[in-house]
Each structure stands twice: as C-alpha cells, then as structure tokens.
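Visitor: what's the 3D shape of this:
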Amino acid sequence: MREQLRERLDELNAEHQAGRKALANLEAEQADLRDTLLRISGAIQVLEELLHADGPVDVPPAPAGNGATGSAVR
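Guide: You can find the predicted model right below:
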C-alpha cells in the first residue's frame with residue numbers, strides 16, 4: 001500500500017511540474033501577444049491621426065522586413 005501511495009505521489013508531482021511549465025509558457029505567449037497588440041494599436045492610432053489631419057499626408061513607404069505586409073502576430 002505504501003508503495004502505491006509513493007507512486008501516485010510521484011505521478012502527481014510530475015503532473016504538477018508539467019502544468020506549471022505549461023502555464024509559464026502560456027503566460028510568456030500572452031505577454032508577447034499583448035506587446036504585439038499594443039504595437040498594432042499604436043500604429044492604428046498614428047494612421048487614424050494622419051487620416052484625420054488637415055492637408056495632404058506625405059508618408060514615406062515602410063522599409064522592407066518590418067512586418068507591415070506580413071502577419072501581425074509572430
């Protein structure tokens with residue numbers, strides 16, 4: 001009986017550790033996504049301000065490789 005309890009305790013400890021690792025990974029992914037959304041929000045705000053400004057808008061093209069035409073989420 002004692003051996004069964006020890007085995008179950010070991011299983012639960014392993015599951016707990018795996019769960020903590022998965023949670024840490026999800027929290028890091030959430031932080032990355034939050035940063036991406038913040039950058040996108042800033043870009044939206046700038047573009048809206050430019051569109052609502054009086055006078056012509058003279059914006060140089062974005063340099064290649066900045067993700068402007070690619071996916072917003074890494």
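
Visitor: now the helix or strand harbouring residue 33: how far from the chain's centre is it?
Guide: Assessed by DSSP states H and E, residue 33 sits inside helix 2-52. With C-alpha atoms, centre = their mean, to the nearest Å as the basis, helix 2-52 stands 8 Å off its chain's centre.

Visitor: now it: average pLDDT?
Guide: Across helix 2-52, pLDDT averages out at 97.

Visitor: what's the answer for stretch 56-64, then?
Guide: 73.

Visitor: and residue 21, how many neighbours?
Guide: Residue 21 is flanked by 10 other residues according to other C-beta atoms under 10 Å. No exception for glycine: its C-beta is placed from N, CA and C like everyone else's.

Visitor: list the residues that contact it.
Guide: The neighbourhood of residue 21, defined by C-beta atoms under 8 Å, 6 or more residues apart in numbering, contains no residues.

Visitor: can you pull up the most central residue in the protein?
Guide: Nearest to the mean C-alpha position of the chain, counting by C-alpha atoms, centre = their mean, stands residue 33 at 1.8 Å.

Visitor: where's that residue relative to residue 62, distance?
Guide: 22 Å (C-beta to C-beta, to the nearest Å).

Visitor: cool, residue 44 as well?
Guide: Distance from residue 44 to residue 62, by C-beta to C-beta: 15 Å.

Visitor: now do residue 56
Guide: Between residue 56 and residue 62 the computed distance is 18 Å (C-beta to C-beta).
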